[in-house]
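**Student:** give the three-dimensional model of this entry:
(chains A, B, C, D, E, F, G and H, ligands or ions: 10)
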Amino acid sequence: MWKIDKDQCKGCELCIAVCKNEALKPGKERNSKGYLVPEHISKICISCMMCDLICPDMAITVTREKEKCEKS
Amino acid sequence: MWKIDKDQCKGCELCIAVCKNEALKPGKERNSKGYLVPEHISKICISCMMCDLICPDMAITVTREKEKCEKS
Amino acid sequence: MRKELRIAGFGGQGVITIGLLIAKAVGQYGEQDVVQTQSYGPEARGGACKTEIVVSDSTIDYIKVLNLDTLVAMSQPAFNTYCKDLPADGELLIDDTLVKDIPEKYTNVRKIPVTAIAEKELGFRVVANVVMFGAIAKVSGVATPEACKQALEDTFPAKVIKKNFKAFDMGYNYDFNAAGALS
Amino acid sequence: MRKELRIAGFGGQGVITIGLLIAKAVGQYGEQDVVQTQSYGPEARGGACKTEIVVSDSTIDYIKVLNLDTLVAMSQPAFNTYCKDLPADGELLIDDTLVKDIPEKYTNVRKIPVTAIAEKELGFRVVANVVMFGAIAKVSGVATPEACKQALEDTFPAKVIKKNFKAFDMGYNYDFNAAGALS
Amino acid sequence: MNMQTRPKAIVIQGNQACVEGALLAGCTFFAGYPITPATEVAEVMAEKMPNTNAVFIQMEDELASMNALIGASWGGAKAMTATSGPGYSLMQEAIGYAAITETPCVIINVMRGGPSTGQPTMTSQQDVYQAKYGSHGDYEPIVLVPSSAQEALDLTIRAFNLSEKYLVPVSVLTDEVVGHTRERVVIPDAPDVYNRIAPPEGIDYKPFKGVDELGGVPYRGGFGEGHNICVDGQTHDGIGMRIGHLMEPSGNLVKRIMDKINNNIDDISDYELKCTEDAEVIVLSYGSTARVALRSVIDAREKGIKAGLIKLKTLFPFPDEMIREETNKAVRILVPECNAGKICNEVQRVVNIEVESLPKFGGAMHVPAEILSAIERS
Amino acid sequence: MNMQTRPKAIVIQGNQACVEGALLAGCTFFAGYPITPATEVAEVMAEKMPNTNAVFIQMEDELASMNALIGASWGGAKAMTATSGPGYSLMQEAIGYAAITETPCVIINVMRGGPSTGQPTMTSQQDVYQAKYGSHGDYEPIVLVPSSAQEALDLTIRAFNLSEKYLVPVSVLTDEVVGHTRERVVIPDAPDVYNRIAPPEGIDYKPFKGVDELGGVPYRGGFGEGHNICVDGQTHDGIGMRIGHLMEPSGNLVKRIMDKINNNIDDISDYELKCTEDAEVIVLSYGSTARVALRSVIDAREKGIKAGLIKLKTLFPFPDEMIREETNKAVRILVPECNAGKICNEVQRVVNIEVESLPKFGGAMHVPAEILSAIERS
Amino acid sequence: MNPLAEKYLRKEALPTIFCPGCGHGSVLNATIRMIDKIGIEDFLFVSGIGCSSWLPVFIKADVIHSLHGRSIAVATGLKLARPEKKIVVFNGDGDCLAIGGNHLIHAARRNLDITVVTLNNYIYGMTGGQMSPGTPTGGKTKTSPYGNNEKPFDAVTLAIGAGATFVARETAASPVKITKTLTKAVAHNGFSFVEVMSQCPTQAGRNIFGKAAPSDLFNILKENAVSKKGAELTSSQFRTGVLHHDEKKTAFRTVNELLKTEA
Amino acid sequence: MNPLAEKYLRKEALPTIFCPGCGHGSVLNATIRMIDKIGIEDFLFVSGIGCSSWLPVFIKADVIHSLHGRSIAVATGLKLARPEKKIVVFNGDGDCLAIGGNHLIHAARRNLDITVVTLNNYIYGMTGGQMSPGTPTGGKTKTSPYGNNEKPFDAVTLAIGAGATFVARETAASPVKITKTLTKAVAHNGFSFVEVMSQCPTQAGRNIFGKAAPSDLFNILKENAVSKKGAELTSSQFRTGVLHHDEKKTAFRTVNELLKTEA
Ligand SMILES: Cc1ncc(C[n+]2csc(CCOP(=O)(O)OP(=O)(O)O)c2C)c(N)n1
Ligand SMILES: Cc1ncc(C[n+]2csc(CCOP(=O)(O)OP(=O)(O)O)c2C)c(N)n1
Ligand code: SF4
Ligand code: SF4
Ligand code: SF4
Ligand code: SF4
Ligand code: SF4
Ligand code: SF4
Ligand SMILES: [Mg+2]
Ligand SMILES: [Mg+2]
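**Tutor:** Ligands and ions are numbered 1, 2, ... in the order given. Sure, this is the predicted structure:
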């Protein structure tokens, strides 16, 4: 499951950069602080957690059954 | 030629320690500051300059024709 | 005669630069004394940010705002934060692309959509502040357009100066009445 | 009653230790107040060195020498440097192994060859200072021999204490008159 | 002193007396860097501490020493360092940090002749204002000034107690004379020891919120006890969060850390009076100079001059009121000190008659005759 | 200001004005370390210096910066650094070294809120006593306090000149407000520039011997000119040899380096008076606060109150005499300052009436109404 | 918010002061995962002054946010007072390598059992983008407007030269590696030093790399990170991974401990 | 007096403050022979505080006897003001490696063209014999009465790790080698660091080595000096000779110079 706490997001788009599946794309909606929050496309998300791990503001939560490690 | 400026000497006896020819030996005479100034035995001195080079107080002057280097 | 202006917006809009430009136009190329201060520090990271300019025909002693004459607001949160000491009849100049919500008590509001103008008419969002600079120059009268252009030349590299002149002119020549902006 | 002593010699003679021993004998094991100071610094590297002890039956306020009562000299240069404020009738105690030249004006001179005693009679030059300590105890009367021995025990390791007691006794029991030292 | 019944004493240097005092006060951490004439403090610590549960470390410099104190203090230790002028200068930044973070710690400065390398082996009282003003910003340190080995011990204990009570860095300014002179020192059996007060159970604990009952001092919880304390040198709120950009709360913090000292001057102040009641000439002095001054005052009284002595043992916070009261009948006030004239300015600020400064340059102490002749001159 | 004939000016921040002043004064060396709110001084230097014959270096810290100034100054450079509170604390040891070795150099301290990290982006005047007493030992620094960008320029030039003339470290205390405010600054064409005076040919030159004709200041020969100068932070004789163990000559050196400043107060002092002649209420102020005070005094006069302003531009040496004279008819003296109340103590020391302190906490400036109401209250 | 953030971060301090896309935030993220594995009760934190030094302030734990450059000295005192705790220091290339260099090398020499995590973003971020001992030669910053004329430190070489016994380097672009490496560093008995190369879009990005997008800078870090042993390096590249690990050299022990062991 | 002493020493400062048999005196002797070869007009000297730091005070030249630990920082300013001069810094293991460590590593990093000569006598001599970062583990000193619980620096490794381009070590027992090595160090364009192991009979001798005779300590130095490359070392031994020499890395240049070269 992929969740975002929009108000924590600073719109840096690092999550988009790390998502190898292009399940994230630049957002259009601004949060309360004026940042553009990325959009998530659930159906192509493989819950790899990369976005969760990289987010400097810990805005994203990915929940899945089995832990998997970064490949890069 | 071997010369010593007795009043510069602090009686440390390092010159004696470096003289491989035993041309220097502990002195008996005290200088104006109360230090025992080493005694020099000219006839066995080979003017190797080691004492001159080591003396922390530059009290010794050895003059010779040709420069020679430390071996140690 | 002392005149006090405050320009507020969010970080990245070039608000401080407007302050700097006005200060130069007045103090370096104009005829009056001027002092420009700015909020500095954590606010500079995102959030609201502001600059204040005091203009006077005599030497300025106290450098901070005593009786605010003009507030220029370039974002809604900045307006909300910094409108407090503007009297109801104080001069209010807003970028109505971004500031929408102005309490009714203000009687002297001028609106100019500088962000929209910069984006649409000039093609560069970044010059919105220079459009606003032009508008301020006109409305406040603290500096002549010539002095303002000298300030622009002193501040920006030659290769972008034309664009900035154009932006300035769009602000300076903006017809608030035509746009029905004077409330 | 305030009594002021100065002990002078060269670095390495254990002059400061004498001061420390007297101070302990008086202050720690005796009955009076005591203060011990010492010259500190460049002089400590070779050259003359000194310690001063003030003994009093009331609390000592000023800690430095005001009216020197006793000068103990263990080297000629030290004597020359530090004799200045000793009055002509002041008590002068010298190691006559090393101090040979005493101006005639001094009327109250006692001589004890502590270095010679230490070297010859005790076999350890290093205890010369303890011999002198004994002599000072006797001559000045600032501390009882018992207190002095307690000071020695507090200062030196047990394994050398006997030797030090012996040295102390040799000084304490030295017969200045017999040696014709009282001038 | 009654010589018959006098308590058991040992004869030690002032520097060692500081160590004895510190250990009695419960000092468990010493970090220092050698410097003449303070080195013996570290040396005796290095010898004594390892056999107790107290830790000695020689740091790479004085910056490190003072900062290590801060870490150790928050770790729960009672921490001390000892230095002299040059090292004290280097410690100033961290002393300010200790002040704003309310970190208890004790700094011994065995003063030597300055400025700079100055006169490393000679005495002085030149650092008294530095002790108060040496770090940038507004703060209010406590500064104690012993005049003897005994006082070095007593005031080192007091320094720890005040430090723990007011959560403030306390400087003990001794000097080369106090530090190196061997004297009788009575070691107290069980001196009063004050420890920082832990927050009572169940309260909404805020580590940096002044508590009225404690005179404006906060409770001090320990690290590792679940308080999640954030110690910050920036102005901060009661829970330690930064407020440097906020004027009023920042001002309140700085005011509070100064007020907690200034509002408790009576508790912190310590001084001795000698013949001041009827004194026309008052000598005000402190540290080793005060002993010379005492001699001069006694000598003057013997000559029939109505002289008196105020001897300060707490130098800062400065006891304005006490001095005003004690000197209000005096016609002259003399301030001998081993510096160019510093505390004379504080006294001048407080009184209306003109204060006479008796400075002393060059690393020597006054002689009693100097002060006496100043008393006599009129 | 007559707006018609006013001289050509540029609009710059106070921090940049310091740079302009320094370069006009002949500054050839800058070593610094970034710190808010002083960083722009270094940044503008870094931009401007490489195109002149002046050298910019960013050092590893403030200790290094200040010590590099000392090396550069003896190398013949006119050297400057800029910092704020925390860095200023770290520089104190070396400032004392510069004082005793009579090393000319200029330190800009753009004051921010303290103590410690304090309020990095807010203004203060909290370091005024540190500027005088921050290093250990007795010394006498010169401290200038500009109140505007123009004065930042003018007083930086003056700082270099005084530093070269009296061979002393000079601090210029600006503050966040002066440093960051953009204002009109007139750049002087060719300001008077003073350079250290080389020893006349043929004299028996002693680098550390005061010269009567120079007001007790020595001649200053350069390195590499055959003088074989030995620069030492220990007390030293005229040729630089150590005398730390000798009382009288050591005392004489320290006295001389203080006297050369104190005996030349009239030359060093700089202040402005506004309506003091007939003033009953005198406001004494300095730095950015003095501009607020000026407004309040003008407002008070408009209300018919006989108020006047003494604005100090040289803070230390403190102008005791001038203040005594200018306030001798006043019934009240107010000292507003952006700190807990510091210079008010200096004034109190000098005058007999009670000085009223108007402290300001929290990193803000006074508003004119505050001072005005204090003037009105009576 | 992420449940780990919920659990371990100090809500009253959020959002972090970090700019959008600042690498320091990712390191914070990776750090709390390390903490989560080990147990937060074991830790005390210390930092200096700088953006990087704000990192532990956001963690719900006991923290000393100390003076610029002094974090390791403070940590030394703290460790000696609380030897049972794991002390982790966070600081920056400026804090640790410029003003704090002496404390770094001395803690390394002593082999003091603490962990130092230095976030090297090539610049002084906090003060607005001046050169640091991490700035590459030629790099333009506010105090090197013509390009940096100095050479940067290789922090890893420096720490090894000073005697550190666990030395590693990672980048903010590899959060999983950071978590792993920090876990090892904290477990090491002795002085452990971890340099984390981090992106600073606001200052280093704009000034040095001419790029402000976090993802661009992030990619630069990835490109420059070389984990393969012995691989040749270009001038901008650096080695990553655990680069030195000496478990034989004993960690600092107080004299008290030594005397007890002997007795 | 020796005619070289006559020529190069400051008579009013003699005798030196060095104790009898102090190795620092022999280094002074060797130094003036180096100076004699090159020409004293080329030099300016800087030192810190410590017995070792007194060395240049005895030389008839322009000298800054600076603050404890700050010699290299002072020398940095002096070098930038007088780039045409050879700046030689003398300091001790305490001055350079303890309190002065940060300036050492930064001058090394910058590859500043100065020469630093550190006289390592294993101890703080001047202040009366406390432990230093040169004190061997176990060494008894006034502040390590139970034996030093810390590890000393290897100053050579440290300097190399920090970026120094000429690094050498000699002992006070080999004066001819000192003269030669100093000559090379001074000739090197870039940061040169020479550690000279020196005997301190008064403090290190008595406290650490249990020997007070200068010649005994002198022999210990000789025994521990290993000049053969690659030879195994016992714990008390150290390598001598020129141990690192990199002539390719360019020396520090000011931005001014760089701009001139580019133009
Ligand atoms: C003594 C002192 N000098 C300077 C400063 C100003 N200062 C604050 S943070 C900083 C640099 C921080 O750089 P770095 O450690 O690399 O952290 P970053 O912000 O880049 O993460 C400086 C110079 C200070 N606070 N204290
Ligand atoms: C800031 C400061 N701290 C401490 C001192 C005291 N001090 C003087 S010399 C010295 C140590 C010298 O040791 P080293 O550099 O090894 O020289 P050595 O005497 O052994 O040759 C110390 C700690 C000082 N002068 N200044
Ligand atoms: S990484 Fe986090 S902060 Fe950045 S855009 Fe994605 S969700 Fe927002
Ligand atoms: S969990 Fe993986 S696939 Fe899903 S959005 Fe995040 S990075 Fe992309
Ligand atoms: S080496 Fe020199 S000082 Fe030492 S004994 Fe020989 S001559 Fe005297
Ligand atoms: S010159 Fe050589 S042989 Fe002669 S005394 Fe000296 S060391 Fe001995
Ligand atoms: S300035 Fe740089 S380092 Fe600091 S928070 Fe912003 S991006 Fe991060
Ligand atoms: S104390 Fe040691 S280093 Fe200092 S002069 Fe004496 S022998 Fe040399
Ligand atoms: Mg950084
Ligand atoms: Mg040494």
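
**Student:** and the strands in the stretch 201-350 of chain E, which stretches?
**Tutor:** E:230-232, E:271-274, E:281-286, E:307-312, E:314-316, E:332-336 (DSSP state E, counting those that start in this stretch).

**Student:** for the fifth one, which outside residues touch it?
**Tutor:** The reference is to strand E:314-316. By Cβ atoms under 8 Å, 6 or more residues apart in numbering or on different chains, the surrounding residues in contact with strand E:314-316 are E:128, E:131-132, E:140-145, E:173, E:268-271, E:286, E:343. The C-beta positions use only the backbone N, C-alpha and C, and glycine is treated the same way.

**Student:** among those, which ones are in helices?
**Tutor:** Of these, the ones assigned to helices by DSSP state H are E:128, E:131-132, E:268, E:343.

**Student:** any chance of those residues in JSON lines with neighbour count as columns?
**Tutor:** Output for the ones in helices among the contacts of strand E:314-316, formatted as JSON lines (neighbours: other Cβ atoms under 10 Å in any protein chain shown):
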{"residue": "E:128", "neighbour count": "26"}
{"residue": "E:131", "neighbour count": "26"}
{"residue": "E:132", "neighbour count": "23"}
{"residue": "E:268", "neighbour count": "21"}
{"residue": "E:343", "neighbour count": "26"}
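
**Student:** residues in contact with the nearest residue to residue A:35 once chain neighbours are set aside?
**Tutor:** Of all residues not flanking residue A:35 in the chain, residue A:11 sits nearest, at 3.4 Å (Cβ to Cβ, 6 or more residues apart in numbering or on different chains). Neighbouring residues of residue A:11 by Cβ under 8 Å, 6+ apart: A:27, A:31, A:35-38, G:20.

**Student:** shouldn't residue C:9 be within a strand?
**Tutor:** Yes - looking at residue C:9 with DSSP: H, G, I helix; E, B strand; the rest coil, it is inside a strand.

**Student:** what's opposite it in the beta bridge?
**Tutor:** Per DSSP bridges, residues listed as beta-bridge partners of residue C:9: residue C:49.

**Student:** for the residue of chain A found nearest chain F, grab the count of nearby residues.
**Tutor:** For chain A, the residue closest to chain F is residue A:33, as judged by Cβ to the nearest Cβ, at 20.8 Å. In terms of burial, residue A:33 registers 18 neighbours under the definition other Cβ atoms under 10 Å in any protein chain shown.

**Student:** which SS state does it fall under?
**Tutor:** Under three-state DSSP, residue A:33 comes out as coil.

**Student:** my guess is it contacts residue A:7. True?
**Tutor:** Yes - using Cβ atoms under 8 Å as the test, residue A:33 is close enough to residue A:7 to be in contact (7.1 Å).

**Student:** and which of the contacts of residue A:11 is nearest to ligand 5?
**Tutor:** residue G:20 (70.5 Å; Cβ to the nearest ligand atom).

**Student:** who touches residue 64 in this structure?
**Tutor:** Since no chain was named, I'll use chain A. With Cβ under 8 Å, 6+ apart, residue A:64 has these contacts: A:1, A:47, A:49.

**Student:** sorry, I should have been clearer: chain G.
**Tutor:** Contacts for residue G:64 (Cβ under 8 Å, 6+ apart) come out as E:70-71, E:74, E:231, G:44-47, G:71, G:74, G:78.

**Student:** ok, now residue G:226?
**Tutor:** Counting by Cβ under 8 Å, 6+ apart, residue G:226 touches G:233, G:237-240.

**Student:** and the helices in chain C, which stretches?
**Tutor:** Going by DSSP H, chain C shows helices at C:15-23, C:76-82, C:114-116, C:128-140, C:145-155, C:161-172.

**Student:** where do the helices of the chain begin and end?
**Tutor:** You didn't pick a chain, so chain A it is. Assigned helices in chain A, in chain order: A:14-18, A:50-54 (criterion: DSSP H).

**Student:** please refer instead to chain G.
**Tutor:** G:3-8, G:23-38, G:71-81, G:101-110, G:155-162, G:175-187, G:214-224, G:255-262.
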